[in-house]
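**Q** What follows is a predicted structure for the sequence shown.
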Amino acid sequence: MIFQQLVNDDAGCLSYLIGCGRSGVGAIVDPGRDRVSDYVTLARRKGLTITHVVETHLHADHVSGNQALAAQTGATIYIHAAAEARYRHLPVEDGNELRVGSVNLRVLHTPGHTPDSIALLVTDESRGSEPWFVLTGDTLFVGDVGRPDFGGETAASELYRSLTGRLLVLGDSVEVYPAHGGGSICGRAMSSKTASTIGFERRFNPALRARDEEEFVKNLLIGLPPMPPNFKAIVERNRSGGLLERAEPRAFTPREVRELIDDGAVLLDVRGPAEFGEGHVPGAVNVAIESPQFAERCAWLIPQNAAIVLVAAGPTDLSRAVAGLSRVGFDRAKGYLQRSMTEWRGEGLPIEAVPQISVHDLATWREEHPELVVVDVREPFEWEEGHIAGAVHLPMREAVTRRGEVPGDRPKAVLCAGGLRSSAVISALKRSGVGGPWYNVSGGMTAWEKAGYALVR
């Protein structure tokens, strides 16, 4: 058997190649839209023809590449019947077996995260009759379990029964390979490790410590982070038929960009906080291309159907941004500001700035300027581990909807763990009309704690 895990570090998504070297055939499980050419290239290098494309469920955090991959390779797409997919596929049910040469993929229906969720129990019959590992989709993660976003208590109960009746009955030595890893928004506390075993998860996974179904459901529904605004749109896109074409943005002059902005386009500036802070187009949203989960952060801060114009430091960053946006369903990247900010400045067009301050500046200002508001945009678990006394907690994912909690008439110093999320939130709140002045804290809470300043836990 040939087996390889493919990690998308930008999104925490995990795809898999499973093949039989003897027969020269292979399967791709949970393909992402932005990695289709990588799958084809990898299979070719392994001497495999892709004959199966399998989805563990309708994904909500990224657009699938299943149809594009099938179109290139002639492979058959397999997905559970409950997905109600509207493209050409073969539906699978619990107990079905997919043969990939000497490799057997047995379907385990594991509803809960979604009604159509499945796991794939994998046996290499050239070595033995016992299952070697299980691809758990978004049902069981390393250190966590899936979110029951679309079904509430009913879905949480189904998830409990899927875990206890389908997965946790497997042997301790069966390896676990999920569809997402650390950094993904499909769970709450996933480990950054991308594989485990049934025995280890049974013993150490915090989400599996509940004594019964009632306790499991209660624990699972407490403190769920908000559902990303584009989740339902991506699910529907992954259910529908038709190949999707990635946007091919073109260069726009500053004057053309101004016209597009006047028509409602969003300017997405993917430069780092320092470059953005030094000077940017008024109203631009800043999500640095180097941000973890770049595309997912864009989905929180930019309306799903907005036309997008990019500002990037160079062509490589531009290409990365377009690929990332396409993964989460943003196909309206119309173009980019030619020569980045150079020509915009040269034409004397309006420019705004966000001063970058150090944690030492922040400590001094808090004493000298009591009117200064400190805004902490980290996640709740980060806040609980330590924050600045008197700070306003406004998690990035909720910042725009809760903008009324930020006083518009006082200076605001915004911080996160390092300075990327804080710059993004400042730009989004400025765009939504919350007045300044604004200051971005470079180094964030990491630098604050390292410098020895006081924390509240």
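**A** Sure, I can see it.
**Q** Only C-alpha atoms from now on, for both contacts and neighbour counts.
**A** Fine.
**Q** neighbours around R397, how many?
**A** Counted by other CA atoms under 10 Å, the residues lying close to R397 total 23.
**Q** ok but it is inside a helix, no?
**A** Yes - in this structure, R397 lies within a helix as judged by DSSP: H, G, I helix; E, B strand; the rest coil.
**Q** And the pLDDT for it?
**A** On the pLDDT scale, R397 is placed at 91.
**Q** which non-adjacent residue is nearest it?
**A** Distances taken as CA to CA, 6 or more residues apart in numbering put W300 closest to R397, at 6.0 Å, once the chain neighbours are dropped.
**Q** Check what contacts the helix or strand encompassing that neighbour and list those residues.
**A** Assigning secondary structure by DSSP states H and E places W300 in helix 294-301. Under the criterion CA atoms under 8 Å, 6 or more residues apart in numbering, residues 10-11, 61, 228-230, 285, 287-288, 321, 324-325, 327-328, 397, 400, 428 lie in contact with helix 294-301.
**Q** In helices, which of these fall?
**A** Restricting those to those inside helices, with DSSP state H as the criterion, leaves A321, G324, L325, R327, A428.
**Q** just the residues you listed now: which is nearest S102?
**A** R327 (33.0 Å; CA to CA).
**Q** Contact partners for that closest one?
**A** G32, R33, D34, H62, V63, S64, A295.
**Q** And those, which two are furthest apart?
**A** Within the contacts of R327, S64 and A295 form the most distant pair, 14.6 Å apart (CA to CA).
**Q** related to what we said a few turns ago, can you redo the contacts of R327 as a markdown table, where the extra columns are pLDDT and distance to A210?
**A** Written out in a markdown table, the entries for the contacts of R327 read as follows (pLDDT from 0 to 100; distance: CA to CA, whole Å):
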| residue | pLDDT | distance to A210 |
| --- | --- | --- |
| G32 | 92 | 33 |
| R33 | 89 | 37 |
| D34 | 86 | 38 |
| H62 | 89 | 30 |
| V63 | 92 | 33 |
| S64 | 95 | 33 |
| A295 | 90 | 34 |
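**Q** Check these against L221 and report the nearest one.
**A** With CA to CA as the yardstick, the closest approach to L221 among those comes from H62, at 23.1 Å.
**Q** got a list of what that closest one touches?
**A** In this structure, H62 makes contact with G32, R33, I234, R327, V328, G329, judged by CA under 8 Å, 6+ apart.
**Q** Just the helices from the stretch 101-250 of the chain, written as ranges.
**A** The residue ranges that make up the helices of the stretch 101-250 of the chain, judged by DSSP state H, counting those that start in this stretch, are 152-162, 198-204, 213-221, 231-239.
**Q** winner for burial among those?
**A** Counting by mean count of other CA atoms under 10 Å, helix 152-162 has the highest mean neighbour count of the helices of the stretch 101-250 of the chain, with a mean of 21.
**Q** Just the C-alphas of that one, formatted as PDB.
**A** These are the backbone C-alpha positions of helix 152-162, laid out as PDB (Å, rounded to 0.1, in the frame of the first residue of the first chain):
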ATOM      1  CA  GLY A 152     -27.500  21.400  17.700                       C
ATOM      2  CA  GLU A 153     -28.400  18.800  20.400                       C
ATOM      3  CA  THR A 154     -29.600  16.200  17.900                       C
ATOM      4  CA  ALA A 155     -26.400  16.300  15.900                       C
ATOM      5  CA  ALA A 156     -24.300  16.200  19.100                       C
ATOM      6  CA  SER A 157     -26.200  13.100  20.200                       C
ATOM      7  CA  GLU A 158     -25.600  11.500  16.800                       C
ATOM      8  CA  LEU A 159     -21.900  12.400  17.100                       C
ATOM      9  CA  TYR A 160     -21.700  10.600  20.500                       C
ATOM     10  CA  ARG A 161     -23.300   7.500  19.100                       C
ATOM     11  CA  SER A 162     -21.000   7.600  16.000                       C
END
